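In: Give me a model of this one.
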Amino acid sequence: AVIIYEFPERDAPLDMYAFIGHDPYVEEDIDKGGSLGVTYVLKNPKYISQGSTGNIIVAAYIGKPLQGLDYYYETQCKLLEFYNAKHQSLWYEKNRGDLCRAFYINNHKIHYLAPTPQRTQGSSMHQKTIRSFGFMVGNRSAKLNLIKLTRDWLVEETEFKEADGQVRKKMNLFRIPDLFLVRQLMMFTLEGNFDGVSAFLGCILGLREFQSKEADEAQI
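Out: Alright, predicted model coming up:
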């Protein structure tokens with residue numbers, strides 16, 4: 001269930017793989033249907049100018065293991081460690097994320113959980129004391145805001161160097177390697193349950209929160 005699209009760069013900066021989006025699931029019984037667990041690792045575009053790739057999904061973990069939720073999160077945690085993800089890099093949907101939060105707390109890995117966003121979903125640009133984790137998708141307005149952030153990213157162009165040395169530009173939409181996500185983006189409606197899209201919203205929210213924070217710090 002884990003797919004590697006690009007292996008982690010050796011000696012990469014700690015914020016290279018800081019945007020890991022996750023859509024949790026609650027129903028463990030695979031015979032009862034329901035949601036899948038979906039996790040995407042998005043690579044920071046910050047280092048493209050230094051010759052790195054970026055703004056791409058480098059790994060995905062999609063499934064509902066027969067071994068249960070703890071097994072899913074154990075594997076997810078190994079994926080974070082494989083990409084040397086920094087502290088506060090797991091951006092998960094808070095509405096259904098109690099079991100995700102509990103796993104990371106009980107296993108002394110709470111440092112991986114990203115705090116509730118203060119800039120893209122908060123009322124203040126100033127960082128507050130961290131009291132909660134995960135991002136909210138509580139109402140239509142909040143969901144539309146997340147969708148707009150993601151839509152803007154999809155139609156953005158990223159400039160990158162191909163293997164042949166040629167510099168090219170492509171819309172991010174056409175650089176998504178994950179067929180599951182592409183299909184869900186094509187079918188997406190506000191009323192449906194689209195686990196891949198929900199997980200990817202977390203990646204983009206994390207990226208925008210990080211970029212907003214860096215822009216604020218650059219002005220100081």
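
In: Now do the buried residues in the helix or strand bottoming out on mean pLDDT in the chain.
Out: Least confident element among the helices and strands of the chain, by mean pLDDT, DSSP states H and E: strand 157-161 (a mean of 88). For strand 157-161, the neighbour count (16 or more other C-beta atoms under 10 Å) marks 158, 160 as buried. Yep, even glycine has a C-beta here, placed from its N, CA and C like the rest.

In: what pairs with that strand, and is each one parallel or antiparallel?
Out: Using DSSP bridges, strand 157-161 pairs in its sheet with strand 167-171 (antiparallel).

In: Can you list the neighbours in contact with the strand it pairs with?
Out: Contact with strand 167-171 is made by 154-162, as judged by C-beta atoms under 8 Å, 6 or more residues apart in numbering.

In: chain center to the least confident helix or strand of the chain, what's the gap?
Out: Relative to its parent chain, strand 157-161 has a centroid offset of 20 Å by C-alpha atoms, centre = their mean, to the nearest Å.

In: on that earlier part again, of all the contacts of strand 167-171, which comes closest to residue 213?
Out: Closest to residue 213 out of these is residue 156 (19.1 Å), distances taken as C-beta to C-beta.

In: could you pull out the helices for the protein?
Out: Secondary structure of the chain, counting by DSSP state H: helices at 69-82, 98-106, 140-155, 179-187, 195-219.

In: Of these, which stretch is the most buried?
Out: helix 195-219 (a mean of 19; mean count of other C-beta atoms under 10 Å).

In: what about that one, distance to the chain center?
Out: 9 Å.

In: Run through the protein and note the low-pLDDT ranges.
Out: Residue ranges of the chain with pLDDT under 70: 28-31, 33, 118-131, 220.

In: Now with 90, please.
Out: 1, 25-35, 49-51, 86, 94-97, 117-132, 136-143, 160-168, 190-193, 213-220 (pLDDT under 90).

In: residue closest to the middle of it?
Out: residue 21 (2.1 Å; C-alpha atoms, centre = their mean).

In: so it touches residue 42, yeah?
Out: Yes - the criterion here is C-beta atoms under 8 Å, and residue 21 meets it with residue 42 at 7.0 Å.

In: overlap in contacts of these two?
Out: 203-204, 206.

In: Throw these into TSV and include distance to residue 92, thanks.
Out: Formatted as TSV, the shared contacts of residue 21 and residue 42 follow (distance: C-beta to C-beta, whole Å):
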residue	distance to residue 92
203	11
204	14
206	10
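
In: Pick the one among those closest to residue 58.
Out: Closest approach to residue 58 among the shared contacts of residue 21 and residue 42 (C-beta to C-beta): residue 203, at 10.7 Å.

In: residue contacts, residue 184?
Out: Counted by C-beta under 8 Å, 6+ apart, residue 184 has contacts 194-197.

In: ok, the nearest residue to residue 14 once chain neighbours are set aside to residue 43 distance?
Out: In space, and not counting its chain neighbours, residue 14 is closest to residue 86: 4.1 Å by C-beta to C-beta, 6 or more residues apart in numbering. Taking C-beta to C-beta, to the nearest Å as the measure, residue 86 falls 13 Å from residue 43.
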